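A.B. asks: kindly return the folded structure for what I paste below:
(2 chains)
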Amino acid sequence: AQSVTQPDIHITVSEGASLELRCNYSYGATPYLFWYVQSPGQGLQLLLKYFSGDTLVQGIKGFEAEFKRSQSSFNLRKPSVHWSDAAEYFCAVGIYGNKLVFGAGTILRVKS
Amino acid sequence: DGGITQSPKYLFRKEGQNVTLSCEQNLNHDAMYWYRQDPGQGLRLIYYSQIVNDFQKGDIAEGYSVSREKKESFPLTVTSAQKNPTAFYLCASSMGSGVTEAFFGQGTRLTVV
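C.D. replies: This is a model prediction of the structure:
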């Protein structure tokens, strides 16, 4: 069955440091992959998506993600984290029937 | 501005009562979804609808019901049969033609006491 694993429940980084959030998926067909961000008590905002083509995709707020088929991964990165990036981040895979399967999320804390 | 509106933002109900959460979108999207969010569990799909007057159960449909009488609206009823209804509920929509990104509302936090 399709699934998404985000191995890190919490991550703490210093402001200005680089960030990488891990995401692994399990899906038999060509994956459609997404990263969303959620501030406390709010809805989800799309950061970026991968459908096909270049495996390095750029998103909003300076985020990027790289699709690696051999590793079934779609890790999210940012070269320099800002305090406003503190939030929860969700990786998702789009499956048949136009549905999204989400990972459990990673909570990012930024220390000054 | 186009978007998805969920109301109310906070909802309190007594145990044993049914409650209906509202979701309206003006994005002209065909597909709409309801997710439940609990800490540490991500988002789990309750129901989804690809077209008007049609909907399918998601992974955790028991104790919930929906209707899709209009393209813009997809209300969710949490019934008394739902054993643990206290949660954060998110409504989303997408274009519906193949896999596309979903757009989310701001959520409704339901607390049952």
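A.B. asks: count the residues that sit near B:A87.
C.D. replies: The burial count assigned to B:A87 is 22, neighbours taken as other Cβ atoms under 10 Å in any protein chain shown. C-beta: built from backbone N, CA, C; applies to glycine.
A.B. asks: now it, nearest residue through space, not along the chain?
C.D. replies: Of all residues beyond its chain neighbours, the one nearest B:A87 is B:R36 (5.0 Å), with distances taken as Cβ to Cβ, 6 or more residues apart in numbering or on different chains.
A.B. asks: what about stretch A:73-92, near chain B?
C.D. replies: Yes: with Cβ under 8 Å from any Cβ of the partner chain as the measure, stretch A:73-92 is seen reaching chain B through A:F90.
A.B. asks: ok, the helix or strand bottoming out on mean pLDDT in chain A: who's next to it in the sheet?
C.D. replies: Sorted by mean pLDDT, DSSP states H and E, the helices and strands of chain A end with strand A:99-102, the least confident at a mean of 91. In the sheet containing strand A:99-102, the strands it pairs with under DSSP bridges are strand A:87-95 (antiparallel).
A.B. asks: strands of chain B, start to end?
C.D. replies: In chain order, chain B shows strands spanning B:4-7, B:10-13, B:19-25, B:31-37, B:43-51, B:54-57, B:64-66, B:76-78, B:87-94, B:103-104, B:108-112, with DSSP state E as the criterion.
A.B. asks: could these go into TSV alongside mean pLDDT?
C.D. replies: Putting the strands of chain B into TSV (pLDDT from 0 to 100) gives the following:
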stretch	mean pLDDT
strand B:4-7	96
strand B:10-13	94
strand B:19-25	97
strand B:31-37	96
strand B:43-51	95
strand B:54-57	96
strand B:64-66	98
strand B:76-78	98
strand B:87-94	96
strand B:103-104	95
strand B:108-112	96
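A.B. asks: CSV for these, including distance to A:A104?
C.D. replies: What follows is these, written out as CSV (distance: least, Cβ to Cβ, whole Å):
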stretch, distance to A:A104
strand B:4-7, 22
strand B:10-13, 24
strand B:19-25, 23
strand B:31-37, 10
strand B:43-51, 9
strand B:54-57, 22
strand B:64-66, 21
strand B:76-78, 22
strand B:87-94, 14
strand B:103-104, 17
strand B:108-112, 19
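A.B. asks: please name whichever of those strands is nearest to A:S84.
C.D. replies: Smallest distance to A:S84 across those (Cβ to Cβ): 19.3 Å, for strand B:103-104.
A.B. asks: any part of that closest one near chain A?
C.D. replies: Yes: contact of strand B:103-104 with chain A (Cβ under 8 Å from any Cβ) involves B:103-104.
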